[in-house]
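> Coordinates only, no sequence provided:
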């Protein structure tokens, strides 16, 4: 770290845009911090005139800020000769660490050994660290001061001290997040102040050239999606009516795996060979037309690393069968220039236009399918290329199809006639089969399926990530959320506006089946304000409607990430506020919903099973009471217990029906806001019967009651129930103590 007496701190900018008030003002977020500092600045400042120092600082800061802005970094502060930037401070795309490392490498390329002012040359060290911070969302804009707080900021500053001049040093979390995207070189661990033992360090070398993902396992499920896409492709080829298929699903849903199965399995249509041209878009490519260049390489058989002579020969061989000789002679040089530098310049765009003609000519000879994976990462020029290709093929009546793969939130530019195929989560049985296959292939115990099944949420990518974490040494008994899953789910959350994010975070804290009233109360909103946001979250596939207007999370990982975004104080406030609102907890938890932490186990032979939870508000009608009542199954080898005496949750009229219900759920806990249990009397029951529609009388409804089922101890006084083994009695829970919120309603 460089210190100097001539530096200043720049904390803001009068031109900084004013951001709207965020419903949740602070979040706990995983961010990547970049810290850059000039090498030898003290000696440099001592030998320069102050005016020269000022001019040098301006050029240096402008150069660094320009690079950081290009990679969507937020400059939190300039301190002396050091620059600290945040990636993922307010919005994350899942590639925050990658963008930070690329920015560090580009800063080095822009500064290293280049004259800045006169003949003065600067060298810098860069450290990049990833970790959790608390972020002030209202101030997370370029030039803000004190935006984030956390140990990772100090770690980044310490790491840059271990980077050689002109290099970028990475922490372990950053190295894991950029594995497969950045070439890295691991160094021996180094001693860092405040860290015991020494910290491992990696040096970033450069970006990795894109490769092809391996898909060597069986495809489980997806029969309907496969059949739909195959039918559409077959129809387009037979009738020579081009089709555009948009394959949509979140990260981890198996989009790429499904495309691989299509390419592998659909090789002919009516005996004619189908030519597949497939490419994938890398995150933030240096060259905007790289996906188009990759399509051309596939058609011409050009391999990465081929020299200019080899590229020329392969292009000539491929184009000779498609164009007349004079057209080949003119097209090959333009295509070579695009392959060498697909940067979106006029020359590269001219080459892309020729590439489009190559694909159209190829479609006149063989059926052609052009597939682009992760098209939501591509530059607009790629979307324009695909639309022009599709329009020309439609006008000419060619057997051509376009398949694009992207996430649901992408504002795609597909034509209106495109067919949208949405990838749904796997069914529970299918997820179990996939987990058994992954565990067996990884040499892990198959019984771990029961532990993993509630966590993966029907997403194959999440299943693979959990198994990989176990292989890497994660404790199967307390599995943390894999980093890759956390990054992807966090990006899904950040694609939402502030209001929907706040609703999801409040719902994540509440858990179970959530009501709009509970969300409104937790956030301090007026009743009904969350209805629109909840409906939009259902439309986005993030929440699942449940009974009686309740909602459950579609993904357990989303529930966990949303809840963990809240600082501890806000979690406590949200929980306390919502405690007085009736919940939609049910005896059957929906698939993928978060496990309710208040569900307890009983101390009998079924202690390994969570107690079933039913709110008293759900049993105030005759139908609700019938649904809530269950038969207490006897323990093996014991006599059937007597039916429990009438209580608030089991009125006498419902007992005969409860006795005839099928066994299977043998424990019941009725829960509502805490209070005293009023005595159950004949007058109360008569009033209940007299109330129209079978509802409880109004005076009973005003008394919040919590009832839990507990074993009856021999000799205890139970209303109408003896000391029969296995019987249950109602026990009142102590009342809750309500503290003041301590937080403004607008929070």
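Yes, it's here. From a predicted model like this one, the values you see are computed outputs, not experimental measurements. Numbers count the residues shown, from 1 in each chain.
> Spatially central, which residue of the protein would that be?
The residue lying closest to the centre of the chain (C-alpha atoms, centre = their mean) is residue 489, at 1.1 Å.
> element containing that residue, please.
Assigned by DSSP states H and E, residue 489 falls within helix 483-494.
> quick one: the strands in the stretch 251-400 of the chain?
268-269, 272-273, 275-280, 368-373, 400-406 (DSSP state E, counting those that start in this stretch).
> what's the most buried one of these?
Mean neighbour count (mean count of other C-beta atoms under 10 Å) peaks for strand 400-406 among the strands of the stretch 251-400 of the chain, with a mean of 26. All C-beta atoms are positioned from the backbone trio N, CA, C, and that covers glycine.
> Tell me the gap between that one and the middle of its chain.
24 Å (C-alpha atoms, centre = their mean, to the nearest Å).
> List the strands paired with it, with their directions.
strand 243-248 (parallel), strand 368-373 (parallel) (DSSP bridges).
> Determine which of these approaches residue 430 most closely.
Nearest to residue 430, of all the strands paired with strand 400-406, is strand 243-248, at 18.3 Å by C-beta to C-beta.
> List of residues touching that closest one?
225, 229, 232-233, 235-236, 255, 258-259, 390, 401-408, 412, 414-415, 417-423 (C-beta atoms under 8 Å, 6 or more residues apart in numbering).
> and these, which are buried?
225, 229, 232-233, 236, 255, 258-259, 390, 401-408, 412, 414, 418, 421, 423 (16 or more other C-beta atoms under 10 Å).
> Please pull out the lowest mean pLDDT helix or strand from the chain.
For the chain, the helix or strand with the lowest mean confidence is strand 9-10, at a mean of 28 (criterion: mean pLDDT, DSSP states H and E).
> if we can go back for a sec, downstream of the helix holding residue 489, the next helix or strand is which one?
helix 498-510.
> helices or strands up against that following helix?
helix 483-494, helix 516-523, helix 531-539, strand 551-553, helix 556-564, helix 568-578 (3 or more C-beta pairs under 8 Å, 6 or more residues apart in numbering; DSSP states H and E).
> Could you rerun that using 7 Å?
helix 516-523, helix 531-539, helix 556-564, helix 568-578 (3 or more C-beta pairs under 7 Å, 6 or more residues apart in numbering; DSSP states H and E).
> Residue 158 and residue 193 touch, don't they?
Yes - assessed by C-beta atoms under 7 Å, residue 158 is found in contact with residue 193 at 6.5 Å.
> Tell me which of these two has more neighbours.
residue 158 (22 against 7; other C-beta atoms under 10 Å).
> Looking at the strands of the stretch 251-400 of the chain, which is nearest to residue 137?
The nearest among the strands of the stretch 251-400 of the chain, by C-beta to C-beta, is strand 400-406 at 27.2 Å.
> report the angle between the axes of the closest one and strand 275-280?
20 degrees (axes from the mean of the first three to the mean of the last three C-alpha atoms, to 10 degrees).
> what's in contact with strand 400-406?
233, 236, 242-248, 255-256, 259, 363, 368-376, 386, 389-390, 393, 412, 414 (C-beta atoms under 7 Å, 6 or more residues apart in numbering).
> any residues touching the helix or strand just after it, and which ones?
The helix or strand immediately downstream of strand 400-406 is strand 419-422, counting by DSSP H and E. For strand 419-422, the surrounding residues in contact (C-beta under 7 Å, 6+ apart) are 225, 228, 229, 232, 243, 245, 246, 247, 248, 249.
> List the contacts of the fourth one.
So the one you mean is residue 232. Contacts of residue 232 (C-beta under 7 Å, 6+ apart): 243, 245, 419.
> pretty sure it is in a helix, no?
Yes - Residue 232: assigned to a helix according to DSSP: H, G, I helix; E, B strand; the rest coil.
> Return the distance of it relative to residue 246.
11 Å (C-beta to C-beta, to the nearest Å).
> Could you list the low-confidence segments of the chain?
By pLDDT under 70, the weakly predicted segments of the chain are 1-22, 113, 138-146, 194-196, 211-213, 411-413, 582-747.
> in it, which helix has the most residues?
When the chain is parsed with DSSP state H, its longest helix is helix 50-70.
> just checking, what packs against whatever helix or strand comes next after that helix?
Next in sequence after helix 50-70, counting helices and strands by DSSP H and E, comes strand 74-79. Applying 3+ C-beta pairs under 7 Å, 6+ apart, one finds that strand 74-79 contacts strand 9-10, helix 50-70, strand 82-87.
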